[in-house]
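Colleague: Pasted the sequence and its predicted model underneath.
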Amino acid sequence: MGFRSLRVINDDRVAPGGGFPTHSHRDMEILSYVLEGALAHKDSMGTGSVIHPGEIQMMRAGTGVAHSEFNHSKTDPVHFLQIWIVPAERGLPPAYGQQAFDQAAARRDFALLASHDGRDGSLRLHQDVDLRMALLGPGANRQMPMRPGRHAWVQMALGSASVNGLPLGEGDGAAVSDEAKIELSGRDEAGEAEVLLFDLA
């Protein structure tokens, strides 16, 4: 908990019909990323939505937002990551965004899910963070250069892969500093791995 501006990644599994009743947040950029099932969201901004795998949601709590999250299904579990990022400023107006991302791009290279400037159709975060996702088949490789003074957090959302030669399993994370690049390698004995890569100031 607490690496650079990345405050926390909650790895949540919710039983059918279960969830989190209405509660409040302030001054936080909150991303929800569904791995399995469907997550129903409601908030005090009047937003109601359902988030599925292949989509990402951002809620800027800013001056204060109350929201609830429930498993949308009465029969199937939901597995999702909720990511909190500390914003560069306090007291921002609340905001909401949700969109699908390019899974084909994630299989070729990286898909950009969120960024500080909202480029390439990504969700805009009020913090110097770029969030990318890669889908790695067995033996696949990805590389991302690290700019001087930058740091990275690698989260193994599903499956397993190696990060700069270090094997990580599902649910593992790695903090990376003082490296020239991030190299991801799919493990031959594993199926497809789903990897989140945070590029942090």
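Modeller: Nice, thanks for sending it over.

Colleague: list the contacts for the residue positioned nearest the centre of the chain?
Modeller: For the chain, Tyr33 is the residue whose C-alpha lies nearest the centre (CA atoms, centre = their mean; 5.3 Å). With contact set as CB atoms under 8 Å, 6 or more residues apart in numbering, Tyr33 has these partners: 56-57, 80-83, 113, 157, 196. C-beta here means a position set from N, CA and C on the backbone, and glycine is covered the same way.

Colleague: again, only using 10 Å
Modeller: Listed by CB atoms under 10 Å, 6 or more residues apart in numbering, the contact partners of Tyr33 are 9, 39, 51, 53, 55-57, 80-83, 101, 113-114, 131, 133, 155, 157, 194, 196.

Colleague: which residues in the chain form helices?
Modeller: For the chain, the helices defined by DSSP state H occupy 103-108.

Colleague: Could you list the domains of it?
Modeller: 6-100, 103-200 (automatic domain parsing).

Colleague: Compile those domains into a markdown table and extend it with columns for mean pLDDT.
Modeller: Output for these, formatted as a markdown table (pLDDT from 0 to 100):
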| stretch | mean pLDDT |
| --- | --- |
| domain 6-100 | 96 |
| domain 103-200 | 95 |
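
Colleague: ok, what's across the strand from the residue nearest to the centre of the chain?
Modeller: Going by DSSP bridges, Tyr33 is paired in beta bridges with Ile56, Leu81.

Colleague: just to revisit the earlier point, quick one: which of the contacts of Tyr33 sit in strands?
Modeller: The strands, defined by DSSP state E, take in 9, 39, 51, 55-57, 80-83, 113-114, 131, 133, 155, 157, 194, 196 from these.

Colleague: Please pick the buried ones from those.
Modeller: Neighbour-count burial (16 or more other CB atoms under 10 Å) applied to the ones in strands among the contacts of Tyr33 gives 9, 39, 51, 55-57, 80-83, 113-114, 131, 133, 155, 157, 194, 196.

Colleague: and the nearest residue to Gln82 once chain neighbours are set aside, what does it touch?
Modeller: In space, and not counting its chain neighbours, Gln82 is closest to Asn10: 4.4 Å by CB to CB, 6 or more residues apart in numbering. If you count contacts by CB under 10 Å, 6+ apart, Asn10 has them with 1, 30, 32, 80-84.
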